[in-house]
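Student: for reference, the sequence and a predicted model appear below.
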Amino acid sequence: MARQDEAAFAEFLAAYRERLFRYVIVLTRGDEEAAQEALQQTLLRVVRHIRRFDDEAVFWSWLTRLARSAVTDDARKRNRYFAFLIRFFSRPESQAPEADTNAESPALLERLESLLPQLPATDAELIRHKYFLGLTSREIATQFETTEKAVESRLVRIRRQLRESILKEVRHE
């Protein structure tokens, strides 16, 4: 394998892949997705850093250190990602950038549209007017025969509810 022999790598995979996967699945407490990711990272590290080992026990010990490191790195990466999402979605509305309908990503608008049926009809209409039609709060207030402040207040509550729904989906994914 150190000489980049594909047959040697195939032999290594046949001998150690399942054993490594079982080891990693225990480290990830049964999270199969995390285990698959850690296994891939471990195999990449093996390819990058392979060297000659005289003893199988020493080789296995080296493999398990690579696997533990891959699991730890993956967990840190996931934690940073979720921490970012929580910080992003929990910042006060006054710090949130102004919504520019032209700058919204199509994926975000699609996700938003998929969540609209979960909202009461009036709330869904407010979101459609604000983000899909690009109306200002004043224009929406005029159409709904209410105050601009009432529209803003309802939009804050609706956005908070949508954030929670999106965070639940992302955590589930």
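Tutor: Sure thing, it's come through. Residues are numbered from 1 along each chain as shown.
Student: tell me what the longest helix along the chain is packed against?
Tutor: The residue-count maximum for a helix in the chain (DSSP state H) belongs to helix 56-90. Applying 3 or more Cβ pairs under 8 Å, 6 or more residues apart in numbering; DSSP states H and E, one finds that helix 56-90 contacts helix 6-27, helix 32-49, helix 148-172. In this view, the C-beta of every residue, glycine as well, is placed from N, C-alpha and C.
Student: just the angle between it and helix 32-49, please?
Tutor: For helix 56-90 against helix 32-49, the angle by axes from the mean of the first three to the mean of the last three Cα atoms, to 10 degrees is 120 degrees.
Student: flag the shaky bits of the protein, pLDDT-wise.
Tutor: 90-109, 173 (pLDDT under 70).
Student: how near is Ala121 to Arg163?
Tutor: According to Cβ to Cβ, to the nearest Å, Ala121 and Arg163 sit 20 Å apart.
Student: looking at those two, which has the bigger crowd around it?
Tutor: Comparing Ala121 with Arg163 by other Cβ atoms under 10 Å, the one with more neighbours is Arg163, at 15 against 9.
Student: look up how far Val58 lies from the more buried one.
Tutor: Applying Cβ to Cβ, the value for Arg163 to Val58 is 50 Å.
Student: show the backbone phi and psi for Arg29.
Tutor: When read as degrees, to the nearest 10, the backbone of Arg29 gives phi 60, psi 40.
Student: tell me how many other residues surround it.
Tutor: 9.
Student: this completes my enquiry, with thanks.
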